[in-house]
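**Q** Need coordinates for the following:
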Amino acid sequence: MNRNRQIISWLILLTVGGCGRGEKSDDLARPEAIAVEVVSVVAEEIERSISVSGSIRPWRQASLGAAMPGKVERMMVEVGDVVDGGELLVEMGGEQLTQAAAQLTALEKDWKRMRSLFDKGVVTQQAFDQVDAAHQGAKAGYELVLASTRVRAPFAGVVTEKYLEEGEVFTLFPGPAGSPALLRLEQVDTVNVVVSVPEVDIPEFQAGQAATLRVDAYPGRSFTGEVFRIEPSVDERTRTAEVEIRVANPERSLRVGMFADVSISVGEEPALLLPRDGLIRQVGTGIYYVFKVVEGEAQRSDVEVGRSYAENVAILTGLAEGDTVIVVGKTLVQDGCEVQVVSSGRSER
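**A** Numbers count the residues shown, from 1 in each chain. Predicted coordinates:
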């Protein structure tokens with residue numbers, strides 16, 4: 001009686017589970033194969049990237065001052081103003097400019113009087129030339145002093161600091177900017193993202209590599225740039241080198257000081273790709289495994305998982321190119337189950 005119960009229990013397990021190993025008896029019903037869908041593992045050249053973080057800096061920046069001391073006569077910009085290269089920003093006044101203007105005015109009167117006399121033949125060419133030379137010298141001197149008291153933008157940018165107001169006196173002594181300065185100008189239609197790269201990764205970088213930038217202020221949005229400069233030396237304390245990334249910022253969405261996550265493309269590498277649907281994670285562990293189909297049976301294989309690529313993951317160990325992996329029906333099988341492939345494909349990016 002007990003013998004018969006054991007045989008019945010065995011039959012139920014085989015029929016329901018659809019799995020089994022060992023010799024099959026002619027007296028017992030053969031369990032039905034479990035229908036599964038599979039994909040073939042393929043090897044592809046995958047773009048490899050390195051992720052780093054850094055801060056956004058202006059592409060260019062300058063603390064602007066005048067070439068000589070004087071009073072601020074006109075301050076033509078405010079903080080936040082966007083200016084063009086060559087645009088006049090500040091007009092200065094001062095004793096030197098006043099003296100140069102007075103000297104030029106006096107010599108202009110002499111020159112006009114001498115010119116009239118010369119045209120009438122009253123004075124010689126030599127006498128006129130002397131006055132003319134003095135006039136030209138005074139004019140050049142005035143223009144030089146005038147240029148020294150006019151502050152123009154050396155490049156297109158945004159005014160980010162203003163250190164003096166109209167009526168205040170500019171001196172050549174260090175001020176709030178650490179040097180004599182009236183304004184601070186930054187170019188931000190292009191920005192510079194500076195990241196620190198571990199020394200082991202430095203050989204992977206070269207100028208011109210593509211970079212993708214993301215900031216918390218714009219979730220779901222990315223910005224594109226390229227590696228511009230790689231610091232030639234490594235910091236002895238941190239064992240890192242700075243890499244600079246140039247990013248176009250025509251809308252000025254990216255602000256100086258923002259923290260950025262950067263992904264830099266460093267070339268391609270071969271990888272075995274498998275859809276995530278084929279992976280199974282062992283409960284309570286970080287172990288992943290798959291079920292391969294080998295000669296009509298499910299065969300468990302532990303795998304090491306690498307980077308993700310769209311719907312696929314890279315498999316580092318545990319599979320080989322051409323292996324057939326169950327993606328639908330994997331939860332119904334066990335190691336050694338007989339399976340029937342009803343659909344097959346190949347993993348693709």
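**Q** Only C-alpha atoms from now on, for both contacts and neighbour counts.
**A** Will do.
**Q** For the stretch 101-250 of the chain, which segments count as helices?
**A** 125-148 (DSSP state H, counting those that start in this stretch).
**Q** in it, what spans have low per-residue confidence?
**A** Across the stretch 101-250 of the chain, the ranges flagged by pLDDT under 70 are 175-179.
**Q** rerun at 90
**A** For the stretch 101-250 of the chain, residues meeting the criterion pLDDT under 90 lie at 101-150, 167-181, 200-202, 204, 206.
**Q** ok, the closest residue to G157 other than its chain neighbours - contacts?
**A** Take G157 and drop its neighbours on the chain: the residue closest to it by Cα to Cα, 6 or more residues apart in numbering is Q187, 4.2 Å away. Contacts for Q187 (Cα atoms under 8 Å, 6 or more residues apart in numbering) come out as P58, W59, R60, Q61, F155, A156, G157, V158.
**Q** List the strands paired with the helix or strand hosting E269, with their directions.
**A** If you go by DSSP states H and E, E269 is part of strand 259-275. In the sheet, strand 259-275 lines up against strand 42-64 (antiparallel), strand 210-215 (antiparallel), strand 312-317 (antiparallel) (DSSP bridges).
**Q** Let me know the distance separating the residue nearest the centre of the chain from S253.
**A** In the chain, the centroid-proximal residue (Cα atoms, centre = their mean) is L213; its distance is 3.8 Å. Distance, L213 to S253, using Cα to Cα, to the nearest Å: 12 Å.
**Q** Buried ones among the contacts of Q187?
**A** Neighbour counting by 16 or more other Cα atoms under 10 Å classes P58, W59, R60, Q61, F155, A156, G157, V158 among these as buried.
**Q** Identify, from those residues, the entry nearest to S233.
**A** Nearest to S233 out of the buried ones among the contacts of Q187 is W59 (Cα to Cα; 21.4 Å).
**Q** re earlier: tell me which residues form a beta bridge with the residue nearest to the centre of the chain?
**A** F223, V262.
**Q** Make TSV out of the buried ones among the contacts of Q187 and add distance to L279.
**A** Formatted as TSV, the buried ones among the contacts of Q187 follow (distance: Cα to Cα, whole Å):
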residue	distance to L279
P58	45
W59	45
R60	49
Q61	51
F155	55
A156	54
G157	52
V158	52
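**Q** of all the residues you listed, which comes closest to G257?
**A** P58 (8.9 Å).
**Q** Would you state the strands of the stretch 201-349 of the chain in chain order?
**A** 210-215, 223-230, 240-248, 259-275, 280-281, 288-294, 297-309, 312-317, 324-328, 339-346 (DSSP state E, counting those that start in this stretch).
**Q** Select, out of the ones you listed, the one closest to L107.
**A** L107 lies closest to strand 240-248 among these, at 52.3 Å (Cα to Cα).
**Q** tell me what that closest one is packed against?
**A** Helices and strands touching strand 240-248, by 3 or more Cα pairs under 8 Å, 6 or more residues apart in numbering; DSSP states H and E, are strand 183-198, strand 223-230.
**Q** now, of those, which is deepest in the fold?
**A** Among these, strand 183-198 has the highest mean neighbour count (mean count of other Cα atoms under 10 Å), at a mean of 23.
**Q** State the paired neighbours of that one in the sheet, together with their directions.
**A** Strand 183-198 has these strand partners (DSSP bridges): strand 42-64 (antiparallel), strand 157-162 (antiparallel), strand 240-248 (antiparallel).
**Q** what does the second one contact?
**A** Contacts of strand 157-162 from elsewhere in the structure, counted by Cα under 8 Å, 6+ apart, are 77-85, 182-189.
**Q** Using PDB, write out the CA atom coordinates for that strand.
**A** Taking C-alpha atoms only, strand 157-162 is exported to PDB below (Å, rounded to 0.1, in the frame of the first residue of the first chain):
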ATOM      1  CA  GLY A 157      29.500  87.800 -22.100                       C
ATOM      2  CA  VAL A 158      27.500  88.500 -18.900                       C
ATOM      3  CA  VAL A 159      28.300  91.000 -16.200                       C
ATOM      4  CA  THR A 160      28.500  89.000 -13.000                       C
ATOM      5  CA  GLU A 161      30.000  91.600 -10.600                       C
ATOM      6  CA  LYS A 162      30.100  95.300 -10.300                       C
END
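**Q** That strand: how far from the chain's middle?
**A** Its chain's average C-alpha position is 23 Å from that of strand 157-162, according to Cα atoms, centre = their mean, to the nearest Å.
**Q** residues contacting T149?
**A** So T149 contacts A66, A67, M68, G70, E91, M92, G93, L97 (Cα under 8 Å, 6+ apart).
**Q** Report whether the expected contact of D235 with A241 is present.
**A** Yes. Here D235 reaches A241: they are 6.2 Å apart, a contact under Cα atoms under 8 Å.
**Q** More neighbours: those two, which one.
**A** A241 (20 against 13; other Cα atoms under 10 Å).
**Q** Report the separation between that one and V333.
**A** In terms of Cα to Cα, A241 sits 51 Å off from V333.
**Q** quick one on the thing from earlier: of the helices and strands packed on strand 240-248, which is nearest V313?
**A** Nearest to V313 among these is strand 223-230 (24.3 Å), distances taken as Cα to Cα.
**Q** list the helices and strands the closest one packs on?
**A** Judged by 3+ Cα pairs under 8 Å, 6+ apart, strand 223-230 is in contact with strand 210-215, strand 240-248.
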